[in-house]
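Trainee: sequence? don't have it. structure:
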């Protein structure tokens, strides 16, 4: 029941955003997402704008995680007894982390606009997919693409709506939980995603996002 609820919440958010700035998303939001079309996307393709992480690095020694403040927002989920921590400013910029955890290929995904964080399996039938960010939105939700077939995927649903894999769906492994660093830093078996760029870059991006009128 999680996906329908997230979808409903996402649509409500998009309606409110649309009332504030009618050029951000289309107003004819459908009653159902059972049919998709490229005309329902907003924006132009820009695959290099937000590079997905494909070789994530984690820190297990919490004493070395000195870039996170107690009130810092993080996204987290647990797998095989280990709690994975994704700082909001890092995951918010990259949106996607292609990882292999416990031998399972996983996709950690976050759309800041709809506040939907989900972990998917990257295993589809007999193929392992790697994902990137297309640079467009589908009614305000992040559009992903896979490098293997260049099919387009809706982050909120994990469903492809264009390309060779159209109609295929990714399996949900877990939702991401949004919390504060202070609430999780003292837990056991933590792995914290490390930045791939200078911390000032991420902080600047996230601060601009938080103060954006959208």
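Mentor: Perfect, thanks for sending it. Being a predicted model, the structure only gives us computed values, none of them experimental.

Trainee: what about the helices in the chain?
Mentor: Secondary structure of the chain (DSSP state H): helices located at 2-20, 88-94, 181-184, 199-211.

Trainee: between those helices, which gets the lowest average pLDDT?
Mentor: Of all the helices of the chain, helix 2-20 carries the lowest average pLDDT, namely a mean of 43.

Trainee: okay, which residue of the chain is out on the far edge from center?
Mentor: Within the chain, residue 63 marks the point farthest from the mean C-alpha position, 27.1 Å out by CA atoms, centre = their mean.

Trainee: now that residue: how far from residue 129?
Mentor: The span separating residue 63 from residue 129 equals 36 Å under the rule CB to CB, to the nearest Å. Quick note: C-beta positions are derived from backbone N, CA and C, even for glycine.

Trainee: got it, and residue 76?
Mentor: Looking at residue 76 against residue 129, where the rule is CB to CB, the gap reads 24 Å.

Trainee: these two: which is more packed in?
Mentor: The residue with more neighbours, out of residue 76 and residue 129, is residue 129; 25 against 21, by other CB atoms under 10 Å.

Trainee: pretty sure that one contacts residue 106?
Mentor: No. Applying CB atoms under 8 Å, one finds residue 129 not in contact with residue 106, separated by 11.1 Å.

Trainee: contacts only, for residue 141.
Mentor: Residue 141 makes contact with 10, 111, 113, 114, 116, 154, 155, 156, according to CB atoms under 8 Å, 6 or more residues apart in numbering.

Trainee: residues contacting residue 153?
Mentor: Contacts for residue 153 (CB under 8 Å, 6+ apart) come out as 131, 143, 144, 145, 146, 159, 160, 161, 170.

Trainee: what is the burial count for residue 86?
Mentor: When neighbours are defined as other CB under 10 Å, residue 86 has 26 of them.

Trainee: what's the overlap in contacts for residue 129 and residue 106?
Mentor: Both residue 129 and residue 106 are in contact with residue 122, where contact means CB under 8 Å, 6+ apart.

Trainee: and the residue nearest to the spatial centre of the chain, what pLDDT?
Mentor: With distances taken as CA atoms, centre = their mean, the residue of the chain nearest its centroid is residue 110 (1.7 Å). If you check residue 110, the pLDDT there is 96.

Trainee: got it, and residue 26?
Mentor: Per-residue confidence for residue 26 comes out at a pLDDT of 29.

Trainee: beta partners of residue 82?
Mentor: residue 79 (DSSP bridges).

Trainee: what's around it, how many residues?
Mentor: If you count neighbours by other CB under 10 Å, residue 82 ends up with 15.

Trainee: now do the same contact list for it.
Mentor: 101, 189, 190, 191.

Trainee: residue contacts, the closest residue to the last one other than its chain neighbours?
Mentor: Yep, that's residue 191 we're talking about. Leaving aside its sequence neighbours, residue 191 sits nearest to residue 58 (CB to CB, 6 or more residues apart in numbering; 4.0 Å). In this structure, residue 58 makes contact with 84, 191, 192, 193, 194, judged by CB under 8 Å, 6+ apart.
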